[in-house]
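> how would this look folded up:
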Amino acid sequence: METEIINISKSESKEEIYSKLTEYYKNGKLVAIPTETVYGLSANAMDDEAVSKIYEAKGRPSDNPLIVHFYEMSQLDNIVDYSDENVKKLIDKFWPGPMTLILNVKENNGISRKVTAGLNTLAVRMPSNVTARELLKETKVLLAAPSANTSGKPSPTKFEHVYHDLNGKIDVIIEDEQSDIGLESTVIDCTRYPLVIARPGDITKEDIESVLGVGSVKYNDEILTQNATPISPGMKYRHYSPEAELVLFNDSFENLINILKDKNQKTGFITYKEMESRVNDLNVSIKYLADNEKSVEQSNKNLYNILREFDEEKVEEIFILPIEETKENKALLNRLNKAISKK
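Numbering: from 1, shown residues only. The predicted structure follows:
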């Protein structure tokens, strides 16, 4: 398959491009699109065959549900039930943006059962990325769109990442700027109360509680078995993993430095820029996650880029400095632990 590259922002005829993309979606084609979180691999959410192609292109397990992206709330009227007052408050506060809501589906809503992985719930999101919103507005298609990468690998935050993983496997890649946030959306299960954060992201538990009140939401602490059906992307399987063995070091920084002194360029090390003077003498490949541990947004944006850079360097192991869990870096540590997980 020859993958077509389209840059909408640089085009002199956007109307022509959107008309073509509309036809592509109607014909079951796969289109990688930018969003503010990561790049997504999109297809018509009402087309069984097209949705099956998503799973096939990514090598994604079929029991891992997808998120449906949309432009305006009226598109959901016959799809899901969003009448709950808590849900309405979250929508008013956080959409468009990096928040995915899991809601109960309505009967005969037209969404492929392959999107929901057979569940009676559906994950939906209104992205804020300008290109994604224009595409959704002009094509008027509900788009199922997981991350546009080979399943299990670091999510793509740049066009180049998508091209590396999926060129020749999908129909179109929309070339655009790097994703602003760099980690996937916060997924909130709104079918029970307190609400449950099924996957942490840029919108934190504290952000949600500032709208709904303290105690209105909790993190998902359940341990899924290998045969359990996940209700959200990113819950069950190993995700976000580089080719190298990833080691989240939980001892002191000094002990880690002593270990790294005996390593070479086959070893990668992720640390903060403020530690530069303390690691200058190491022979390992060093990359800086952010200026310091308080630079959470910077860390989130850089993580997947760094993991992919190490893949290009073909390092065999990657050590990450000790990171203390805080409410701000919950999402970052979630991704790192998932990348290490053997599930």
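> what lines up beside the helix or strand encompassing residue 197 in the sheet?
Secondary structure from DSSP states H and E places residue 197 in strand 195-199. Here strand 195-199 is paired, per DSSP bridges, with strand 186-189 (antiparallel), strand 217-219 (parallel).
> determine which stretch of those strands is the most buried.
Burial of these is given as mean neighbour count (mean count of other CB atoms under 10 Å); strand 186-189 ranks first at a mean of 25. Just so you know, the C-beta spots here come from the backbone N, C-alpha and C atoms, and that holds for glycine as well.
> hmm, who's touching it?
Strand 186-189 is touched from outside by 67, 90, 98-102, 121, 123, 195-204, 208, 217, 220, 231-234, 331, with contacts defined as CB atoms under 8 Å, 6 or more residues apart in numbering.
> mind checking which of those residues are in strands?
Under the assignment DSSP state E, the contacts of strand 186-189 contribute 67, 99-102, 121, 123, 195-199, 217 to strands.
> isn't residue 242 up against residue 308?
Yes - the criterion here is CB atoms under 8 Å, and residue 242 meets it with residue 308 at 7.2 Å.
> quick one: common contacting residues for those two?
Contact criterion CB under 8 Å, 6+ apart; residues shared by residue 242 and residue 308: residue 154.
> tell me which of these two has more neighbours.
Set side by side, residue 242 and residue 308 show more neighbours around residue 308, with 23 against 20, by other CB atoms under 10 Å.
> low-confidence ranges in this structure?
221-238, 341-343 (pLDDT under 70).
> name the residue closest to the centre of it, please.
residue 184 (2.8 Å; CA atoms, centre = their mean).
> number of nearby residues for the closest residue to it other than its chain neighbours?
Once flanking residues are discounted, residue 184 sits nearest to residue 37: 5.2 Å by CB to CB, 6 or more residues apart in numbering. Other residues lying near residue 37 total 29 when counted by other CB under 10 Å.
> quick check: residue 37 vs residue 218, distance?
For residue 37, the distance to residue 218 (CB to CB, to the nearest Å) stands at 22 Å.
> could you do residue 97 as well?
Counting by CB to CB, the gap from residue 97 to residue 218 is 21 Å.
> cool, and residue 79?
Following CB to CB, the distance that separates residue 79 from residue 218 is 26 Å.
> just to revisit the earlier point, the residue nearest to residue 184 contacts residue 181, correct?
Yes - taking contacts as CB under 8 Å, residue 37 lies within contact range of residue 181: 5.1 Å.
> overlap in contacts, these two.
Counting by CB under 8 Å, 6+ apart, the shared contacts of residue 37 and residue 181 are 98, 201-202.
> so who does residue 98 touch?
Residue 98 touches 36-37, 125, 127-128, 181, 184-186, 201-203, counting by CB under 8 Å, 6+ apart.
> mind doing that once more with 10 Å?
Each residue near residue 98 by CB atoms under 10 Å, 6 or more residues apart in numbering is listed here: 35-38, 125, 127-129, 179-181, 183-186, 201-203, 331.
> could you do residue 79 as well?
Listed by CB under 10 Å, 6+ apart, the contact partners of residue 79 are 45-46, 68, 70, 103, 105-106, 109-111, 122, 124, 142.
> just the buried ones among those, please.
Among these, the ones that count as buried by 16 or more other CB atoms under 10 Å are 45-46, 68, 70, 103, 105, 109, 111, 122, 124, 142.
> including distance to residue 24, could the ones in strands among the contacts of strand 186-189 go into TSV?
Shown next, in TSV, are these (distance: CB to CB, whole Å):
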residue	distance to residue 24
67	20
99	28
100	24
101	27
102	28
121	28
123	23
195	36
196	36
197	34
198	31
199	29
217	38
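> drop anything exposed from those residues.
Buried subset of these (neighbour count, 16+ other CB under 10 Å): 67, 99-102, 121, 123, 195-199, 217.
> can you show me the helices along the chain?
14-26, 48-58, 85-94, 113-116, 130-139, 159-166, 205-212, 253-260, 276-279, 296-313, 330-340 (DSSP state H).
> pull out the buried residues from the first one.
Applying a neighbour-count criterion of 16+ other CB under 10 Å, the buried positions in helix 14-26 are 17-18, 21, 24-25.
> same deal with the last one?
By neighbour count, and taking 16+ other CB under 10 Å as the criterion, the buried residues in helix 330-340 are 330-332, 334-336, 338-339.
> please verify my assumption that residue 104 contacts residue 80.
Yes - using CB atoms under 10 Å, residue 104 makes contact with residue 80 at a distance of 6.5 Å.
> who has more neighbours out of these two?
Neighbours were counted for residue 104 and for residue 80 using other CB under 10 Å; residue 80 has more, 22 against 15.
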